[in-house]
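*Asks:* please work out how this folds:
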Amino acid sequence: MVGSRQLAQVSDFVEEASGKLILIGDHHQLAEIDAGGLFAALTTRLPAVELTENVRQEHEWERTALVELRDGSVDRAVAMYRQRDRINIAATTDDTIHRAVQNWYRDVQDIGDPAEVLLIGHRNTTVEQLNRHARALIAEAGLLDGPTLDVNDRTFQAGDRVVCLKNRARVGVLNGDLATVTSIDAERRTVTVRLDRTDRAVTVPHWYLDDGHLDWGYAVTGHKAQGATARRAHTIAGDGVDREWIYVTMSRGQEANTIYLTDPEPGNDECEHLTHQHPDRIFALIAALGRTATEPAALDTGRGPRTLTDEQLRQRLADVEVGLGANGVDEESSIEYLNLEREIHARHRDKLATVAYEPPDWVTNTLGERPADYDRGAAWDVAVDRALRYRTEQGIPEDAADLLGPQPPSSDVLQRVAWIAARRATQSDLRLLTTEQEHGRSAMGR
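*Replies:* Got it, this is the predicted structure:
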C-alpha cells in the first residue's frame, strides 16, 4: 500500500547509498491510498519472483476460488462460494449484522479462542456495530474477568480483543496490531496486552488510551485485516466493495471464509449495501467484484507529469512544444502536452490555495495580509496569483523575501525581461492596496 511518491523517495535513498532495493508485495490486494500502481508496473518490466502456492487455505476448492477471483474470473469464483453456502444473504442490515455475529460466536465457542475468528466490516460504522454485538456476547458468556477500565466510550477488561490504531515505537505497537488484554491496572490506568504479531506482552500507557488509539478488536476493517491470519473469517460486504477488498477479506481464514450480504425490500432507499441497481444480491456481488480499485501507474496512463519536479515539468513541456513545432502534430505528443499543461495548472492551483491560507513572508512583506474589503481583497488575490506564477516559472526559491525575488542582473536578458514584465503587471494591483502609488513601487524593490 506504499504510494508511488513514497516508493520513489525510498528508491532515491537506496540509490544514494549504493544499496539494493527489494520490493515484496501483492498488487492484487488493497490498493495504495495515494497515487500508486508503481509496484505493479515494475513487476511487468523487471525480473520478479512470484510465489504461486497458497499455504493458508486448507481446502483446495477455496484456493482455486481465490485464484479465480484474483485473476478476474468473478462468475466462477462466486459460483464456488455459493455452492458451499459461503455467501449468506439477510433481509436487512440489522439481520446481516446479527447473523454474522451469531455465526462468529458459534465459531468462537467451537474453537475456544476469539483470536482465531475474524469479523471484518467494510465501513467503520459496520465495524462499530459488530464490535458492540460481539463484545456483549463475550461478556455475557463470562469470558471477561478482573477489573475494568473505562476509556471514552470503551470498557476494557482481561480477555478483551483489541486493536491498536497508531504506531508508537516506544510502546512497541504498530497501527493495526491485534491483541488480547491480559490485565488491567485501574489505578495507573494502563492495559497490558499480548500482541498477535509477536506473542509478546506490552503495557499500553494511559496517554495512548486517552488519545483513542486502542479500540475493541473483535471486528476490524479490511485494511486492518490485511496481513492477519485466523482459522475462520466472516466478512460483511457493503456498498463500494471491490475485487481487491473481497480478495483480501475472503483469504484471511484458513478453514473457512464466509461473506454476508443484505437483500433489501423493494423501495427501501435507506439500504446502503451494494447497489439498488441490482436487487439480486448475487448479481450485485458479481458487479462489485468486476470493479477494481487498483490505479495504473502514471507511466502507464499518460499521467507521468505527477512524478516530475516543477523544473522537470517545465523543461518537458518546452521539449514537447519544440517537437510539435518541428515535427507537426501527432496524437501521442498532443496528449502529453495537454497532460503536462494540466499538471502545471493543478500544481499552481494547489500552491495558490496554500499561499492564500497561510501567506508566506514574500507575500506579507509586500502586500500585507489579505484585506477584508472586497475590491482590495480581489486585487490582493490577483497580485499573489501573478507573483506565484512568476516565481514558479523562474524557479525563485521559497526563502526569497521579495514578492518577485531578487532583481536579475542586466547580463541575464531573458530573466531581466520577465522580471520587468511581471513587475509592471503587479503594479496596477498594488495601487489598490496602498494609498500611495510610490509605496507600491518601492515595495517591489525598485
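*Asks:* Thr262 pairs with what?
*Replies:* As for beta bridges, Thr262 partners with Ala90 under DSSP bridges.
*Asks:* how many residues are close by it?
*Replies:* Thr262 sits with 24 neighbouring residues when counted by other CB atoms under 10 Å. Every C-beta, even on glycine, is put in place using the N, C-alpha and C of the backbone.
*Asks:* name the helix or strand for the closest residue in space to Asp361 that isn't next to it in sequence, please.
*Replies:* Closest residue in space to Asp361, ignoring its immediate chain neighbours: Ala401 at 5.6 Å, by CB to CB, 6 or more residues apart in numbering. Using DSSP states H and E, Ala401 is not contained in any helix or strand.
*Asks:* quick one: average pLDDT of the helix or strand Asp75 falls within?
*Replies:* With secondary structure defined by DSSP H and E, Asp75 is part of helix 74-83. Mean per-residue pLDDT for helix 74-83: 86.
*Asks:* and for that helix, what's in contact with it?
*Replies:* Outside helix 74-83, the residues that touch it by CB atoms under 8 Å, 6 or more residues apart in numbering are 61-62, 64-66, 68-69, 87, 243, 250, 259, 282, 285-286, 289-290.
*Asks:* in that helix, what's buried?
*Replies:* By 16 or more other CB atoms under 10 Å, the buried positions in helix 74-83 come out as Val74, Ala77, Val78, Ala79, Met80, Tyr81.
*Asks:* mind checking how far the fifth one is from Leu144?
*Replies:* Read that as Met80. Distance from Met80 to Leu144, counting by CB to CB, to the nearest Å: 38 Å.
*Asks:* what does the last one give?
*Replies:* Separation of Tyr81 from Leu144 (CB to CB): 34 Å.
*Asks:* for the third one, same thing?
*Replies:* Val78 sits at a distance of 38 Å from Leu144 (criterion: CB to CB).
*Asks:* thought Asn365 was touching Ala400?
*Replies:* No - using CB atoms under 8 Å, Asn365 makes no contact with Ala400, being 10.4 Å away.
*Asks:* quick one: the strands in the stretch 101-250 of the chain, in order.
*Replies:* Assigned by DSSP state E, counting those that start in this stretch, the stretch 101-250 of the chain shows strands spanning 117-121, 145-151, 154-158, 161-164, 178-185, 190-195, 201-204, 214-216, 219-221, 230-236.
*Asks:* contacts only, for the closest residue to Ala201 other than its chain neighbours.
*Replies:* Distances taken as CB to CB, 6+ apart place Arg194 nearest to Ala201, at 5.1 Å, with adjacent residues excluded. Counting by CB under 8 Å, 6+ apart, Arg194 makes contact with Ala179, Thr180, Thr182, Arg200, Ala201.
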